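Visitor: predicted structure and sequence below. I'll ask about it afterward.
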Amino acid sequence: MRVLASAPAKIILFGEHSVVYGKPAIAAAIDLRTYVWAGFNDRGAIKIEAKDIRVPGLTVSFSEDEIYFESDYGKAAEVLSYVRQAIELVREEADANGKGVTVSITSQIPVGAGLGSSAAVAVATIGAVSKLFGLELTNEEIGKLGHKVELLVQGASSGIDPTVSAIGGFIHYEKGDFEHLPFMELPIVVGYTGSSGSTKELVAMVRRTYEEMPEVIEPVLVAMGKIVEKARDVITSDLDEELRFTRLGRLMNLNHGLLDALGVSTKKLSELVYAARVAGAIGAKITGAGGGGCMYALAPENQSEVATAITIAGGTPMITRISREGLRIEEVLP
Ligand SMILES: Nc1ncnc2c1ncn2[C@@H]1O[C@H](COP(=O)(O)OP(=O)(O)O)[C@@H](O)[C@H]1O
Ligand SMILES: C[C@@](O)(CCOP(=O)(O)O)CC(=O)O
Ligand SMILES: [Mg+2]
């Protein structure tokens, strides 16, 4: 038997980083997906074919007529740790430790770009492997297992990414509880810097700053939480669309300033944020962990001008749509 599952990327509209400290956040699944095929193997091994991920630490030596490849075992194992933990968790749930599982992954989501590739790969792997083992898990339960995977690999995770990747749509999230917000088409442009940041390292960096000066950082995190609550009020209000977007844009700019204060922006990210604003976006901010990766802009009137400004500033614009669907079982073959 073979199973194909897919899970979407996300953007965090408001509240990344502060959400790790129990504050609320708002996120939406978007229409980029990671696909995972799962099947059994009879070697009792976990076999992972990650078709489009770059593994650092590969050395290639050429001699007369031979090529030698050596990979840095530690680095390769680390890169694949989300997938490995996801498979191990499901095997435990199914009481099938030692059963051989092969997974094969292809992904449309840039890695380390703040779009939740780690959560999508964990959720799609859990979805495919749990179906293979005949476990009947709901998407919500799979989101919770995805959160466990992120905790095991990263040491800290709020759980918002695996939740939204598993259930899809537009959500308000706080300490493991979520609520779907009314679906709205968001006229946004995502701008990718082309470089990546590791969520594990950025979350650890914010933690060190917090521990060094909690009296300074705590109020910043509290303010971020308040921005999220204001944004939720605006999203659920009956204000007309123009006013709603104007208010959300102001809140995005405030949120970006506070993320910059935490030290998770980069020169390139802030350049893309300012380029988008100058081109007429009502608001622009980092999305996800930062340290590289992506920003997004709210541009109801002029999405294409904002996309061009992001390109001129050296980024790659992506016009994405919210995905109502989270984890999906695409195919089950006998
Ligand atoms: N297609 C993939 N195949 C295997 N592992 C992946 C894939 N995509 C992402 N990952 C894992 O997720 C990590 C990136 O996660 P993270 O630092 O949280 O950034 P983000 O979630 O913003 O992309 C990668 O280093 C890798 O371990
Ligand atoms: C920084 C954080 O709030 C979001 C990280 O998202 P991403 O891995 O950069 O896509 C961490 C978390 O919520 O666990
Ligand atoms: Mg991640």
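Guide: Okay, I see it. Ligands and ions are numbered 1, 2, ... in the order given.

Visitor: ok, S237 - contacts?
Guide: Counting by C-beta atoms under 8 Å, 6 or more residues apart in numbering, S237 makes contact with R244. For glycine as for every other residue, the C-beta is placed from the backbone atoms N, C-alpha and C.

Visitor: centroid-nearest residue for this protein?
Guide: Centrality entry for the chain: nearest residue to the mean C-alpha point is G116, 1.1 Å, by C-alpha atoms, centre = their mean.

Visitor: got the contact list for it?
Guide: G116 neighbours (C-beta under 8 Å, 6+ apart): 9-10, 109, 161, 164-165, 288.

Visitor: quick one, phi/psi of it?
Guide: Here the main-chain torsion angles of G116 (degrees, to the nearest 10) amount to phi 70, psi 40.

Visitor: part of a helix, is T320?
Guide: No. With DSSP: H, G, I helix; E, B strand; the rest coil as the criterion, T320 is assigned coil and is not in a helix.

Visitor: quick one, phi/psi of the residue nearest to it when sequence neighbours are not counted?
Guide: Spatial nearest neighbour of T320, excluding adjacent residues (C-beta to C-beta, 6 or more residues apart in numbering): I30 at 4.4 Å. Per-residue torsions, I30: phi -120, psi 170 (degrees, to the nearest 10).

Visitor: and I30, bridged to which residues?
Guide: On the basis of DSSP bridges, I30 is bridged to A9, I322.

Visitor: separation between it and A289?
Guide: Between I30 and A289 the computed distance is 16 Å (C-beta to C-beta, to the nearest Å).

Visitor: and the two? Which one has more around it.
Guide: Taking other C-beta atoms under 10 Å, I30 and A289 do not tie; A289 has more neighbours (30 against 25).

Visitor: pretty sure the more buried one sits against V19.
Guide: No. Contact between A289 and V19 fails when scored by C-beta atoms under 8 Å: they sit 11.0 Å apart.

Visitor: helix or strand for D233, which one?
Guide: If you go by DSSP states H and E, D233 is part of helix 214-236.

Visitor: do I have it right that L269 meets G290?
Guide: Yes. In this structure, L269 is within contact of G290 by C-beta under 8 Å, at 6.5 Å.

Visitor: neighbours around V79, how many?
Guide: V79, neighbours per other C-beta under 10 Å, totals 17.
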